[in-house]
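Student: mind looking at a prediction? Sequence and model below.
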Amino acid sequence: MVDCPAQGVDVSISLVCHNQRHDLERLLPSLLPAAQAVRSEILLVDNRSTDGSTEFVQEQFPQVAVLCNRAVAGFGENHNLNLQRAKGRYFVIMNCDMTVESAVFRCLQDYMNLNPDIGIVSPKILNEDGSIQGLNKRYPTIVDLFLRRFVPKPIRPFFQVRLDYYEMRDVGYEQPCDVPFLSGAFMFCRTDVLRSVGGFDPGYFLYFEDVDLCRRVQYTHRTSYCPCASVTHYWRRSAHSDLRYSAYFVKSAVRYFSRWGVRLW
């Protein structure tokens, strides 16, 4: 536990890594001060790493509670392991390939305390150069996914209006707003709401588990964006460069559209 007050834990921070020691070396020095600004615990599931990730964290950051999962498991299933042992009223789902502002957990906790009808909120998520990453999205359609996955960069400007619409750039990223599809890269959630819907669907190994979760949460709570603080996401678009990740993407897309219905446009 980062801080051990008698009153207990408010925020449980969930990390999942697989051979990401380099990411953890960059993340944890920024994460610890942010976590110490609230009553928190940091939970890490190391899923079959062979690069010394577990040993690094245990030696350098003993306040992080490490759980080693030797089974083959996906993104959501591993976060569900942390959800089972979380003690906080709030549960933060975040990637390891990030750095965070020191005020991010405090700001989002305050925002959720003021808005009890919100189940999940996301902060401003930035690229390394400080630009907006554009991870607030409307529900995906076949056209949206095709344009993002297959259209070459030289001709993407012809479809920029549609791409910007999907990323809600017409709404903008400067004011709080409700968002249909928040990215699993960083979600600040109510623990009881996540547990009430069963957490992530483990049938998604990778991709689409976040929009599926948002849609299930939206039966009872809003999913929203609040730019009160930011995180930086060092994004690697694996599905665009690795056939294995492309296969995960297609399989998850089929599962998503089978559950929620196919939308062409």
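Tutor: Yep, that arrived. Numbers count the residues shown, from 1 in each chain.

Student: which helices and strands sit right next to the strand ranked longest in the chain?
Tutor: The longest strand of the chain (DSSP state E) is strand 222-233. Strand 222-233 sits against strand 98-100, helix 104-114, strand 118-126, strand 177-178, with contacts defined as 3 or more CB pairs under 8 Å, 6 or more residues apart in numbering; DSSP states H and E. Where C-beta positions appear, they are placed from N, C-alpha and C, glycine not excepted.

Student: each with direction, which strands does that strand pair with?
Tutor: In the sheet, strand 222-233 lines up against strand 98-100 (antiparallel), strand 118-126 (parallel), strand 177-178 (antiparallel) (DSSP bridges).

Student: most packed of the ones you listed?
Tutor: strand 118-126 (a mean of 23; mean count of other CB atoms under 10 Å).

Student: mind saving the C-alpha coords of that strand as PDB?
Tutor: Taking C-alpha atoms only, strand 118-126 is exported to PDB below (Å, rounded to 0.1, in the frame of the first residue of the first chain):
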ATOM      1  CA  ILE A 118     -20.900   8.800 -13.200                       C
ATOM      2  CA  GLY A 119     -19.500   5.300 -13.200                       C
ATOM      3  CA  ILE A 120     -16.300   5.800 -15.200                       C
ATOM      4  CA  VAL A 121     -14.300   9.000 -16.000                       C
ATOM      5  CA  SER A 122     -11.200   9.600 -18.100                       C
ATOM      6  CA  PRO A 123      -8.700  12.400 -17.900                       C
ATOM      7  CA  LYS A 124      -7.000  14.200 -20.800                       C
ATOM      8  CA  ILE A 125      -4.700  11.700 -22.500                       C
ATOM      9  CA  LEU A 126      -1.800  13.200 -24.300                       C
END
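
Student: counting neighbours, which bits of the helix or strand following that strand end up buried?
Tutor: Sequence order places helix 142-150 as the next helix or strand after strand 118-126, per DSSP states H and E. For helix 142-150, the neighbour count (16 or more other CB atoms under 10 Å) marks 144-145, 147-148 as buried.

Student: what comes into contact with helix 142-150?
Tutor: 156, 159, 162-163, 166, 239-240, 249, 253, 257, 262-265 (CB atoms under 8 Å, 6 or more residues apart in numbering).

Student: distance to residue 38 for the strands paired with strand 222-233 - can I get that in JSON lines?
Tutor: Shown next, in JSON lines, are those (distance: least, CB to CB, whole Å):
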{"stretch": "strand 98-100", "distance to residue 38": "12"}
{"stretch": "strand 118-126", "distance to residue 38": "14"}
{"stretch": "strand 177-178", "distance to residue 38": "24"}
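
Student: out of those, which gets nearest to residue 56?
Tutor: strand 98-100 (16.9 Å; CB to CB).

Student: mind checking which helix or strand residue 189 is in?
Tutor: strand 186-190.

Student: pull up the pairing partners for that strand, direction included.
Tutor: strand 90-94 (antiparallel), strand 118-126 (antiparallel).

Student: so what touches the first one?
Tutor: Looking back up the chat, that one is strand 90-94. Contacts for strand 90-94 (CB under 8 Å, 6+ apart): 10-15, 79, 82-83, 100, 105, 108-109, 112, 184-191, 194, 231.

Student: what's the average pLDDT for that strand?
Tutor: The average of the pLDDT scores along strand 90-94 is 98.

Student: low-confidence regions, this protein specifically.
Tutor: 1-7, 237-241 (pLDDT under 70).

Student: for the closest residue to residue 108 other than its chain neighbours, which residues are in contact?
Tutor: Once flanking residues are discounted, residue 108 sits nearest to residue 188: 4.3 Å by CB to CB, 6 or more residues apart in numbering. Under the criterion of CB under 8 Å, 6+ apart, the contact list for residue 188 reads 90, 92, 105, 108-109, 112, 120-123.

Student: go with 6 Å
Tutor: 92, 108, 121 (CB atoms under 6 Å, 6 or more residues apart in numbering).

Student: fine, thanks again, bye for now.
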